[in-house]
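Peer 1: fold the following, please.
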Amino acid sequence: MSYFAAALARTGESWSGVEVDLDEIEDIEALTDLMRDLTGDGPGPALLMLEEDDEYVAIVRVDGGTGGLGEPRVFLSDRRAVQGSDVAAMLWEEADPEDDEEEDDDEDEGTRPVAEPVGDAELLADLGTPGSQLVDLCAEEGLLPADVLTTVCERAGCADVLEELREA
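Peer 2: Numbers count the residues shown, from 1 in each chain. Sure thing, here's the model as predicted:
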């Protein structure tokens, strides 16, 4: 599976970012440390924006800079991604170890089941995308994961940083 992952951090009034190779990240704690390093001592936030194979979106938010105590907040646009993606599984299972529910395999041939968003849909509410709008974006017919990330980044004021990383 191929993916694009970018860590974006607000430092003061501007945003910076780096592309992230998640194959080199062992667990959510290592990812959290990387994201906090981007914010320096500032309050952040730091966001991981991930799209994988035009299938799903994952967003991870960390607040508080290097001294921050806040836990990472995770949103996945489709719970089924955890079953087929090591990256999604690492993000979700580490962030929500209590979630050991089995998934029903009720897919009909020829139809694509409706995605089931999971996690903290409100993680971008203070950055211009309330939870209900984030879920609606993920469910919008014809909108690709890259489009969802672009939209939420436009609202947060960091779309230019995301686009520079995509083009690099």
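Peer 1: and Trp15, backbone torsions?
Peer 2: Backbone torsions for Trp15, taken as degrees, to the nearest 10, come to phi -120, psi 150.
Peer 1: so who does it touch?
Peer 2: Leu8, Ala9, Ala156, Gly157, Cys158, Val161 (CB atoms under 8 Å, 6 or more residues apart in numbering). C-betas here are computed from N, CA, C, even on glycine.
Peer 1: can you give me the pLDDT of the nearest residue to the third one once chain neighbours are set aside?
Peer 2: Nearest residue to Ala156 in three dimensions, chain neighbours excluded: Leu127, at 3.9 Å (CB to CB, 6 or more residues apart in numbering). Per-residue confidence at Leu127 stands at 96 (pLDDT).
Peer 1: also the one 10 residues further on?
Peer 2: If you check Leu137, the pLDDT there is 96.
Peer 1: same check, this time on Leu47
Peer 2: 97.
Peer 1: does Glu55 touch Gln83 like I think?
Peer 2: No. Using CB atoms under 8 Å, Glu55 is not in contact with Gln83; the gap is 11.2 Å.
Peer 1: quick one: the residue nearest to Ala156 and Ala121, what's the gap?
Peer 2: With distances taken as CB to CB, to the nearest Å, Leu127 is found 13 Å from Ala121.
Peer 1: where does pLDDT dip in this structure?
Peer 2: 1, 65-69, 94-113 (pLDDT under 70).
Peer 1: in it, which spans are helices?
Peer 2: Using DSSP state H, the helices of the chain run over residues 28-39, 81-84, 86-95, 131-139, 145-156, 159-167.
Peer 1: need the ones you listed in a markdown table (columns: mean neighbour count and distance to Glu19).
Peer 2: What follows is the helices of the chain, written out as a markdown table (neighbours: other CB atoms under 10 Å; distance: least, CB to CB, whole Å):
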| stretch | mean neighbour count | distance to Glu19 |
| --- | --- | --- |
| helix 28-39 | 19 | 12 |
| helix 81-84 | 18 | 20 |
| helix 86-95 | 19 | 14 |
| helix 131-139 | 17 | 22 |
| helix 145-156 | 20 | 13 |
| helix 159-167 | 15 | 5 |
